[in-house]
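>>> sequence and predicted structure are below.
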Amino acid sequence: MAEGFLRLELQRRGIDGIRIESSGLSVWEGSAATSEAVEALTEYGLDISGHGARRLTRDMAEQADLIVAMSAEHRQGVSRLVPSAAGRTFTIKELVYLLESFPAEAVQGSPAQQLKASVDAATAVRDDAPELELLDEDIADPLGLGIESFRATAWEIEGLSRRLADGLFPGVGRAAVTEEGGARRSRSPEGGVR
């Protein structure tokens, strides 16, 4: 679900060149998204029916500029798997909190350069102020709980994904959104079409 929402948020901002890939520490390789997850995201106009689960590998973690976990346990698992990736591995709630509390500066250059600068800024804040630990970093796992739980999780991830994109790419406005939730082309306040 997070992959679908993050892709949508980058698309709404006209941000290209950032690869988003979902993977897990304990997954059945190739398994499809649950029907409840597919249904919950369909309500947002997103189609994840073609998703196939992938296990996070050492190579994937080493190459990633940012690893966003849904729980503190997952973040710790990534750090155990690839200690060198610990500095760029966050829970989604942790990263949103850091970027909203201590905003990254906009940099001139590509979206990849902005992403790196924002991740470096969040890492520096976390390293300099370990007391900023959050009490609740986890997204509730709705697996086995029915469609309403999936809808609640989708709602939470959608909001966090929007805030995460705002924090990672400061100054890049969102496209106007229709009442149905889909993106449409519009003029940004700064001029140009997003």
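Yep, that arrived.
>>> got the end-to-end distance for stretch 43-56?
Between the opening and closing residues of stretch 43-56 there is a gap of 28 Å (Cα to Cα, to the nearest Å).
>>> can you list the buried residues in that stretch?
44, 46, 48, 51, 56 (16 or more other Cβ atoms under 10 Å). No exception for glycine: its C-beta is placed from N, CA and C like everyone else's.
>>> over to stretch 154-163?
For stretch 154-163, by 16+ other Cβ under 10 Å, it's 154, 157-158, 160-163.
>>> tabulate those in a markdown table, adding columns for pLDDT, secondary structure and distance to Val96.
Below are the buried residues of stretch 154-163 laid out as a markdown table (pLDDT from 0 to 100; DSSP: H, G, I helix; E, B strand; the rest coil; distance: Cβ to Cβ, whole Å):
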| residue | pLDDT | secondary structure | distance to Val96 |
| --- | --- | --- | --- |
| Ala154 | 92 | helix | 16 |
| Ile157 | 93 | helix | 11 |
| Glu158 | 94 | helix | 12 |
| Leu160 | 95 | helix | 6 |
| Ser161 | 95 | helix | 9 |
| Arg162 | 95 | helix | 9 |
| Arg163 | 95 | helix | 5 |
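>>> picking up where we left off before, of the buried residues of stretch 43-56, which is the nearest to Leu8?
Leu46 (6.3 Å; Cβ to Cβ).
>>> quick one: the strands in this protein?
Assigned by DSSP state E, the chain shows strands spanning 67-69, 89-91.
>>> just checking, what packs against the last one?
Packed against strand 89-91, as judged by 3 or more Cβ pairs under 8 Å, 6 or more residues apart in numbering; DSSP states H and E, are the following elements: strand 67-69, helix 72-81.
>>> partners of it in the sheet?
Using DSSP bridges, the strands paired with strand 89-91 are strand 67-69 (parallel).
>>> run the chain-centre distance for the partner strand.
Relative to the chain's own centre, strand 67-69 is displaced by 7 Å; criterion: Cα atoms, centre = their mean, to the nearest Å.
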